[in-house]
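**Q** predicted model follows, preceded by the sequence.
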Amino acid sequence: MSTSIHSIAGGAGAAPAIRKRPASALVRTLSTWPVMAALAALALIVLAAVSANLLGLADPMAINPMQRLKGFSAEHWFGTDAYGRDVLSRVVHGARISLMIGAGTAVAALIPGLALGVIAGYFRTADMVIMRVMDGIMSVPSILLAIALVAVTGASMLTVLIAIAVPEFPRVVRLVRGLILSLRDEPYVEAAISLGTPTHVLMLRHLVPNTVAPLIVQGTFIFASAMLSEAVMSFLGVGMPPEFPSWGNVIAEGRMYFQIKPELILLPGVFLALTVLSVNMLGDAMRDALDPKMARRV
């Protein structure tokens, strides 16, 4: 009898079998052609952004008044903007900035969200305090926070990251808290508690690993949402500094010339939409694979 309880508490029973099904389902889901297309598109965009300096593109910040508002050509594939800068180079380098904002925001939201979510879900005394603070943080719009931060510290990538991540991480806290509350009632967790397993061991061995899959899915949605938020903030003038070629800045600079040169807005807008769509499709695929009940409902 004691051997049975120890095997449950040690996670050597049902837990590994449960993990195999989502893994195989994830492989099948990622093998479908829409998801493969999204993966291919996202991989190409990421590859171009990472190797932007190796592609032999023009300097995205080099001004050439003699080449302003030129159309498509062999020298400038996407033409030039109002300052004579190469639009293709600015779009490719803008992908790097936008992807960094997305990835940085996801990490900045997931790490503290995981820690506070585990504490709120496991310790009932801390639950009320943490969740009320999270409710207050969620009530602050990211745009207003960005305006306040820019007024105090000036526009920068760090300002954008903070302004987007702060309203996002309470949602991670709520997600993790709900998962921990449900996991506390699992037989193997109750057995581990009854055997006197130290709290930190219980959290690291039984609770936190079971939150990884939902957090990966949530991270993809935060990633996509952060890219859109950065574009909106930069368009409104409270995001990245104007000299940085983020997609939001490129779109904002082209709005004055939309009637005579609409591609200044359409080209970065298409790449932004394609990236966000690809990330969201991957997130949906992982959610369906890791949550069969949700897949059946959808």
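**A** Now that the structure is in, tell me what you want to look at. What you see is a predicted model, and the numbers here were worked out from it, not measured in a lab. Numbering: from 1, shown residues only.
**Q** any idea how far apart the tips of stretch 238-246 sit?
**A** 13 Å (CA to CA, to the nearest Å).
**Q** which residues are contacting that stretch?
**A** For stretch 238-246, the external contacting residues (CB atoms under 8 Å, 6 or more residues apart in numbering) are 60-61, 89-91, 93-94, 97-98, 101, 143, 146-147, 150, 155-157, 160, 230-234, 248-249, 253. No exception for glycine: its C-beta is placed from N, CA and C like everyone else's.
**Q** mark which of those are part of helices, please.
**A** Under the assignment DSSP state H, those contribute 89-91, 93-94, 97-98, 101, 143, 146-147, 150, 157, 160, 230-234, 248-249, 253 to helices.
**Q** number of residues surrounding residue 173?
**A** 26 (other CB atoms under 10 Å).
**Q** helix/strand/coil for it?
**A** With DSSP: H, G, I helix; E, B strand; the rest coil as the basis, residue 173 sits in helix.
**Q** wait, what's in contact with it?
**A** Contact analysis of residue 173 by CB under 8 Å, 6+ apart lists 113, 116, 117, 120, 130, 131, 134.
**Q** ok, and the most crowded of those residues?
**A** Of all the contacts of residue 173, the highest neighbour tally under other CB under 10 Å goes to residue 117, namely 31 neighbours.
**Q** just say helix, strand or coil for that one.
**A** Applying three-state DSSP: residue 117 is helix.
**Q** is it correct that it is in contact with residue 181?
**A** No: Residue 117 lies out of contact with residue 181 (CB atoms under 8 Å); the separation is 10.0 Å.
**Q** any shared contact partners between these two?
**A** Shared contacts of residue 117 and residue 181 (CB under 8 Å, 6+ apart): none.
**Q** center of the protein - which residue?
**A** The chain has residue 223 as the residue nearest its centroid, 1.5 Å off, counting by CA atoms, centre = their mean.
**Q** burial of the closest residue to that one other than its chain neighbours, as a residue count?
**A** Of all residues not flanking residue 223 in the chain, residue 102 sits nearest, at 4.2 Å (CB to CB, 6 or more residues apart in numbering). The number of residues packed near residue 102 is 25, by other CB under 10 Å.
**Q** quick one: pLDDT of residue 102?
**A** We have a pLDDT of 92 for residue 102.
**Q** that one and residue 227, how far apart?
**A** Computed as CB to CB, to the nearest Å, the residue 102 to residue 227 distance reads 4 Å.
**Q** overlap in contacts of the two?
**A** Common contact partners of residue 102 and residue 227 (CB under 8 Å, 6+ apart): residue 279.
**Q** for this structure, give me the ranges with low pLDDT.
**A** The model of the chain has pLDDT under 70 over residues 1-26, 29-30, 291-298.
**Q** got the CA positions of the host helix or strand of residue 201 in CSV?
**A** Secondary structure from DSSP states H and E places residue 201 in helix 199-202. This file holds the C-alpha atoms of helix 199-202, laid out as CSV (Å, rounded to 0.1, in the frame of the first residue of the first chain):
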residue,chain,number,x,y,z
THR,A,199,6.2,22.8,-0.4
HIS,A,200,9.0,23.8,-2.8
VAL,A,201,9.4,20.2,-4.0
LEU,A,202,5.7,19.8,-4.4
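**Q** chain center to it, what's the gap?
**A** With CA atoms, centre = their mean, to the nearest Å as the basis, helix 199-202 stands 29 Å off its chain's centre.
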